[in-house]
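build the 3D model from these lines:
(one chain, ligands or ions: 1)
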Amino acid sequence: MSVIQIKDKRFKTFIPEEQIMKEVARVADEINRDLSGTNPLFISVLNGSFMFTADLMKHLTMPCEVSFVKLASYEGTSSTGKVKELVGLGDDITGRTVVIVEDIVDTGLTMKQLVETLRARGPKDIKIATLLVKPDKLKVELDINYVAMNIPNDFIVGYGLDYDGLGRNYRDIYTVIE
Ligand code: 5GP
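Down below sits the predicted model:
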């Protein structure tokens, strides 16, 4: 186990690279089995999912495409408070099988909003593939089709995920030391 320091917080190894790779390959196998012949469009949600997306894509065997989007947060004037706007999706997704590739689903609010935004663009089907889920924090009903790993509620970094912009470069996933 190793301990790293990022700004004011210390983190320890939580999920080693070998285990991440094994679970990502398993998820890819499931997607290969379910979606062969559908020419899916993978929509990777930046920044956090860039490593997961890259490793997942390497295992896919069907003809497929990938696009990268960002969710720009701004304080909305509506009563719901935070609004996340989808940026960067140039593709026409009408009638297509779409797979959202996300780093982590926490409350699920981000994912729910993204699914609704994409659904309005008329895809045939929307699947969700996420590296991580914190099941105890889920606040909304979500049909998550592919999950690499379920984790407890603690804050994690590494393998694409950051703390204040740092820590995305680590190969392992680390959990915060209280
Ligand atoms: P949700 O809308 O599901 O509550 O939030 C999902 C987003 O919160 C993720 O895409 C990610 O950016 C961020 N997030 C949630 N939990 C963690 C965590 O433990 N570590 C990091 N680095 N980001 C997290």
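
wait, isn't Val147 in contact with Thr130?
Yes - using C-beta atoms under 8 Å as the test, Val147 is close enough to Thr130 to be in contact (5.8 Å). Where you see a C-beta, it was placed from the backbone N, CA and C, and this is true even at glycine.

tell me which of the two has more neighbours.
More crowded of Val147 and Thr130, by other C-beta atoms under 10 Å: Thr130, with 24 against 17.

tell me the SS of the residue nearest to the spatial centre of the chain?
Nearest residue to the geometric centre of the chain (C-alpha atoms, centre = their mean): Glu102, 1.2 Å. On the three-state scheme (DSSP: H, G, I helix; E, B strand; the rest coil), Glu102 is labelled strand.

that one and Val133 touch, don't they?
No - at 9.4 Å, Glu102 does not count as touching Val133 under the criterion of C-beta under 8 Å.

who does the lengthiest strand in the chain pair up with?
Longest strand in the chain, counting residues (DSSP state E): strand 65-75. Strand 65-75 has the following strand partners under DSSP bridges: strand 41-46 (parallel), strand 82-87 (antiparallel).

could you point out the longest helix of the protein?
Using DSSP state H, we find that the single longest helix of the chain is helix 17-35.

does Leu138 touch Thr107 like I think?
Yes - taking C-beta under 8 Å as the contact criterion, Leu138 and Thr107 are neighbours in contact, 6.7 Å apart.

ok, these two, which is more surrounded?
Taking neighbours as other C-beta under 10 Å, Leu138 and Thr107 compare with Leu138 leading, 16 against 13.

look up how far Gly48 lies from that one.
Leu138 sits 18 Å away from Gly48 when distances are taken as C-beta to C-beta, to the nearest Å.

now swap in Glu178 and tell me
Glu178 is 22 Å from Gly48, where distance means C-beta to C-beta.

just the strands in the protein please.
Under DSSP E, the chain gives strands at 3-6, 9-15, 41-46, 65-75, 82-87, 97-105, 125-133, 146-150, 156-157, 173-176.

what is the least confident helix or strand in this structure?
None of the helices or strands of the chain scores lower by mean pLDDT, DSSP states H and E than strand 82-87, at a mean of 80.
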